[in-house]
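**Student:** after the sequence you'll find the predicted model.
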Amino acid sequence: MASEAFSLSPSTANPPKHSTVLITGGASGIGLATALYLHNSEYSNNVVVLDRATSPPPVKELLESSRFLYVQCDVTDWSSQRRAFATAAERFGRTDHVFINAGVAEIGEQIFTDHKDQNGELAEPDRKTIDIDIRAVGDSLKLAVHHLRNDANTTGGPRKGSGKGQGGSIVMTASLAGYLASAGAPLYSAAKHGVVGYLRALKGDCAKVGIALAVIAPGITLTSIILGRRQGQTLEEWGDEMRARGVPINDAQTIGLTVAHIMGLGMKANGNGYLIQKNRIQELEGGIAKSRQQWMGREMLDLFRGGRNAPLFPNKL
């Protein structure tokens, strides 16, 4: 039932070319690795990085390039994110691909640890993980769909989209925790399951307007989001220690290659979800769909198929 796992290298990935790519959370880690690969002069892409950092990543090839734009942006603020997407469109004329990547790890323990507020009452939980990892993702999706449908097509006549826009692709960062929840990270797991839910709910409608929607689901990846390092331990040292224990570790560069490859696939990638562990990649959504009878049972699958066309949510498209 499952598809075969595969590997990618800079020479075997199939990135888009002569396109404009917008990346949220692109100043470090997976986002920066993706930006660097897509910005390569061989591909002639414009790359726009949105990040909350006050200054762009200190990478000479980006800072000196007319094909690179950095926009400071708080993805949890609608006005800030709307302005950032508009700035990208104004600079390069259109947006072709969007990588919705900004995210944070679990922040503290919010379920079993009780904190008191100034009045001695049970304190409200810290919802930053939810706000950044799923609520802001919804805002990014809204803006990405809007711009992919409406930004001017500068290459000629209209293509799929609103009639003026050109369609394109959106890749979202989920996580292994979006498929197999991570114990100890309930808010993060819930948010990443939500990202996969967006994929499944929107893939059909996105296809109708020429937008390919996909997710990546990396396992443990060496980025600054990693928790649990000992004081003074570098990220690379932590990675070596985990590998010695048999933990499958990804490099950020592999995730960047995967994102670029997905964008290059165009509509062939619509609805796909790519699990990445130990720098190996496997598409999951097709196998999950084919195995429905195994985990739903024949009776429930037939009932589902009989009722899925009920007009519960009238489609405006």
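**Tutor:** Yep, that arrived.

**Student:** could I have the worst-scoring helix or strand of the chain on mean pLDDT exported to CSV, CA atoms only?
**Tutor:** The least trusted helix or strand in the chain, going by mean pLDDT, DSSP states H and E, turns out to be helix 235-244, with a mean of 84. Extracted as CSV, the C-alpha positions of helix 235-244 are listed here (Å, rounded to 0.1, in the frame of the first residue of the first chain):
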residue,chain,number,x,y,z
LEU,A,235,23.4,21.4,17.5
GLU,A,236,25.8,19.3,15.6
GLU,A,237,27.1,17.6,18.8
TRP,A,238,23.5,16.9,19.8
GLY,A,239,22.8,15.4,16.4
ASP,A,240,25.9,13.1,16.6
GLU,A,241,24.8,11.9,20.0
MET,A,242,21.2,11.2,18.8
ARG,A,243,22.5,9.4,15.7
ALA,A,244,24.7,7.2,18.0
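
**Student:** do you know the pLDDT at Asn250?
**Tutor:** For Asn250, the pLDDT comes out at 91.

**Student:** now it. Nearest residue, chain neighbours left out?
**Tutor:** Excluding its sequence neighbours, the residue lying closest to Asn250 (Cβ to Cβ, 6 or more residues apart in numbering) is Thr221, at 4.1 Å. C-beta here means a position set from N, CA and C on the backbone, and glycine is covered the same way.

**Student:** burial count for the residue nearest to Leu63 when sequence neighbours are not counted?
**Tutor:** Of all residues not flanking Leu63 in the chain, Pro56 sits nearest, at 6.5 Å (Cβ to Cβ, 6+ apart). Pro56 is flanked by 19 other residues according to other Cβ atoms under 10 Å.

**Student:** try Ala244
**Tutor:** 8.

**Student:** would you list every one of the strands in the stretch 151-300 of the chain?
**Tutor:** Here the stretch 151-300 of the chain has its strands, by DSSP state E, counting those that start in this stretch, at 168-173, 211-218, 273-277, 280-283.

**Student:** most packed of the ones you listed?
**Tutor:** Stretch with highest mean neighbour count among the strands of the stretch 151-300 of the chain: strand 168-173 (a mean of 28; mean count of other Cβ atoms under 10 Å).

**Student:** what lies in contact with that one?
**Tutor:** 16, 19, 25, 30, 95-101, 103, 137, 141, 144-145, 148, 195, 198-199, 206, 210-216, 218, 259, 262-263, 266, 269 (Cβ atoms under 8 Å, 6 or more residues apart in numbering).

**Student:** please repeat the previous calculation with a cut-off of 6 Å.
**Tutor:** 96-101, 144, 148, 195, 212-216, 259, 262-263 (Cβ atoms under 6 Å, 6 or more residues apart in numbering).
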